[in-house]
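In: Please work out how this folds:
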Amino acid sequence: MKKIFTLLLIASISTSAILAGCGTKEYDDPVNTLTATASTDKYRNYYQIFVNSFADSNGDQVGDLQGIIDNLDYLNDGDPNTGNDLGVDGIWLTPIMPSPSYHKYDVTDYYNIDPDFGTLETFDKLVSECHKRGINIILDLVLNHASSQHPYYLKAVEEVEEGNLDGYAQYFEIHPTSYFDSDTQTNYLSHAMACEANFTEEMPEWNLNSEKTREEFAKITKFWLDRGVDGFRLDAVKYFSNKSTDGTEFLNWFCDKCKETNPDVYVVGENWDDDSKIQEIFKSGIDSQFAFKFSQSSGTLTTEVIAQRGTAIAKKVMNYNDKMYNNNENYIPTMFLSNHDMVRSGNSLEPKGLSYQKMAASVYMLFPGNPFIYYGEEIGITAPNTTSDSAYRTPMIFDSNNLPNIWVNGVGDVAKDTKYGGAKQQQADPNSLLSFYSRIIKIKNQNPEIARGKITGLQTFDNTAICAYYVEYNGTKLMIIHNMNAEENAELTITDDMIANPEIRAELVASSPVDKDGAFTSTEDENAVYQHITLKDGVLTMPAQSTVILKTAETAE
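Out: Numbering: from 1, shown residues only. The predicted model follows:
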């Protein structure tokens, strides 16, 4: 029986610290009776952990599973009365299985934990502690390729040298060299044979069409699902389709096989590909594929927030989602800003200021579906340079007064303080980026329509900085509006045709407070005025870089 712990957000939490999103001064809050709803389905606020870099529990300069356990209270302490945790209810772990590389994407044993990270017993404890807190856990599962040191591949190479293609060679994409296109990377073997290896020679590719391979994969997935894993992030889905394999058919088989063990399993794929090819994969029934076109420093989310083009981003997200729904009516969108393979979002947003990082968080986190927060993104960590993967995977900073001594890919001293301090420092600041992320998640817990709803329409205004759309779920309808203008307030006329008898369900203000003259000022200014959104006589007044969620007010009978 799935362990589910519901974080119930009680009404006594001060909404000036939760819903306002800026400042600590109290104000008359019309929605102070909101409580959270249980998350008993596949919808979660996920947090990606690159295990090597998150937390080192034993001083060997490598992050590990016990380090994650030790810091679970930071992610979600399971106590709705504290209000001091981030509040995520899903974790994606990058590969944790034995591997000769530091990144672990070339697996030698799919049934164990790499000694760098701990043991199966430690992993079981992690799953248990996550479930106590209502956190689902998904594993990075590498099915496209194995390590060249995997026992099956070593045996396959030996058999090919003997001219035997009927044994372990069947597990891999081993064919005559003439079989491969000129642009396909391969490992050359004996007898004019080769194995496909699109990443490196150390990563020979599995034959996904082989019954032997599928039998092995079925055992692997059942092994982890039986240990309490709630789903999988599948690496390199783009490469599942080749001459011998129909990637969509394989994924359909895989998802169905997982559901035999856990009907509620969640599967999300990594697919850097064109929209049309991503659409095709959704015919498999896979729940999600990461929306890469909206991520990265040059992606839609970051560029449109910086350019303050609200109408444009609303149209792009709705159009993208509609295309994906056409091939999978149960599609779950997955927005994110950055991950372990790209420059951190802070590198583009931080130079513009803290309010831009908050605004970006509000925009992507409040689109429907499952957002993925890359560890450290919630405190504004930036990459020290953009020349290597290691730079994107620098250590998590829990305390900026005590920087971690973690080495990433043999590189030490790469933990740099964020401009705004570590997690400990930001937890104590209600105006911090971390506090802002936490408030977004609380708002989503109180309004389940946000994640589960479908964008059913856009609302345009003369102001192109306004991103406004409707989400509908189970007969309820919300109107979500962002004013992405970084300098000017927005006054919007809200008519009954847009949303009847609207009330402010929640608000977030990313911009700085203002002084008595209305100019932006520091949060440390004792005379600072913390701005709020108002709705009066059909006129919605929104400060610069702010967000509001409107809903038809319930009337007493």
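In: From now on I want contacts and neighbour counts done on CA atoms only, so please keep to that.
Out: Fine.
In: can you pull the contacts of Gly369?
Out: Tyr43, Arg44, Ile332, Pro333, Thr334, Met335, Ile450, Ala451, Arg452, Gly453 (Cα atoms under 8 Å, 6 or more residues apart in numbering).
In: Assign a three-state SS to Thr394, would you?
Out: What DSSP: H, G, I helix; E, B strand; the rest coil gives for Thr394 is coil.
In: Next: Arg505.
Out: Following three-state DSSP, we place Arg505 in the strand state.
In: That one: how many residues sit nearby?
Out: Using other Cα atoms under 10 Å, the number of residues around Arg505 comes to 23.
In: Surely it touches Glu554?
Out: No: with contact defined as Cα atoms under 8 Å, Arg505 does not reach Glu554; the gap is 11.3 Å.
In: sorry, back to before: distance to Asn262 and secondary structure added to the contacts of Gly369, as CSV?
Out: Formatted as CSV, the contacts of Gly369 follow (distance: Cα to Cα, whole Å; DSSP: H, G, I helix; E, B strand; the rest coil):
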residue, distance to Asn262, secondary structure
Tyr43, 16, coil
Arg44, 17, coil
Ile332, 18, coil
Pro333, 21, coil
Thr334, 21, coil
Met335, 25, coil
Ile450, 26, helix
Ala451, 22, helix
Arg452, 21, helix
Gly453, 24, coil
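In: Rebuild these as JSON lines, extending it with distance to Arg344 and pLDDT.
Out: Formatted as JSON lines, the contacts of Gly369 follow (distance: Cα to Cα, whole Å; pLDDT from 0 to 100):
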{"residue": "Tyr43", "distance to Arg344": "25", "pLDDT": "98"}
{"residue": "Arg44", "distance to Arg344": "22", "pLDDT": "97"}
{"residue": "Ile332", "distance to Arg344": "24", "pLDDT": "98"}
{"residue": "Pro333", "distance to Arg344": "21", "pLDDT": "98"}
{"residue": "Thr334", "distance to Arg344": "17", "pLDDT": "98"}
{"residue": "Met335", "distance to Arg344": "15", "pLDDT": "97"}
{"residue": "Ile450", "distance to Arg344": "26", "pLDDT": "98"}
{"residue": "Ala451", "distance to Arg344": "24", "pLDDT": "98"}
{"residue": "Arg452", "distance to Arg344": "27", "pLDDT": "98"}
{"residue": "Gly453", "distance to Arg344": "28", "pLDDT": "97"}
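In: between these, which is closest to Tyr420?
Out: Met335 (24.5 Å; Cα to Cα).
In: Tell me where the stretch 51-200 of the chain has helices.
Out: 51-54, 65-70, 72-75, 120-132, 151-161 (DSSP state H, counting those that start in this stretch).
In: Tell me which of these sits nearest to Phe461.
Out: helix 72-75 (37.9 Å).
In: Low-confidence stretches in the stretch 251-400 of the chain?
Out: Confidence mapping of the stretch 251-400 of the chain against pLDDT under 70 gives the ranges 385-386.
In: Model confidence score at Gly21, please.
Out: What the model reports as pLDDT for Gly21 is 43.
In: no, scratch that, I was asking about Ala519
Out: At Ala519, the pLDDT value in this model is 82.
In: Relative to Leu349, how far out is it?
Out: Separation of Ala519 from Leu349 (Cα to Cα, to the nearest Å): 22 Å.
In: Likewise for Asn209?
Out: Distance of Asn209 to Leu349, given as Cα to Cα: 44 Å.
In: just the helices of the stretch 51-200 of the chain: most buried one?
Out: By mean neighbour count, with neighbours taken as mean count of other Cα atoms under 10 Å, helix 51-54 ranks first of the helices of the stretch 51-200 of the chain at a mean of 27.
In: quick one on the thing from earlier: is it possible to get CSV of the helices of the stretch 51-200 of the chain that adds mean pLDDT?
Out: Below are the helices of the stretch 51-200 of the chain laid out as CSV (pLDDT from 0 to 100):
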stretch, mean pLDDT
helix 51-54, 96
helix 65-70, 98
helix 72-75, 98
helix 120-132, 98
helix 151-161, 97
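In: Those helices: which one's closest to Asn489?
Out: The nearest among the helices of the stretch 51-200 of the chain, by Cα to Cα, is helix 72-75 at 33.7 Å.
In: quick one: contacts of the closest one?
Out: Helix 72-75 is contacted by residues Asn84, Asp85, Leu86, Gly87, Val88, Glu129, Cys130 when judged by Cα under 8 Å, 6+ apart.
In: Ala468 belongs to a helix?
Out: No: assigned with three-state DSSP, Ala468 falls outside any helix and is strand.
In: In space, what's closest to it - neighbours in sequence excluded?
Out: Spatial nearest neighbour of Ala468, excluding adjacent residues (Cα to Cα, 6 or more residues apart in numbering): Ile481 at 4.3 Å.
In: Identify the bridge partners of the one you found.
Out: Ala468, Val548 (DSSP bridges).
In: Distance check, Val127 against Asp226.
Out: Per Cα to Cα, Val127 is found 11 Å from Asp226.
In: mind listing what Thr108 touches?
Out: Residues counted as contacts of Thr108 (Cα under 8 Å, 6+ apart) are Met97, Pro98, Ser99, Pro100, Ala146, Ser147, Ser148, Gln149, His150, Pro151.
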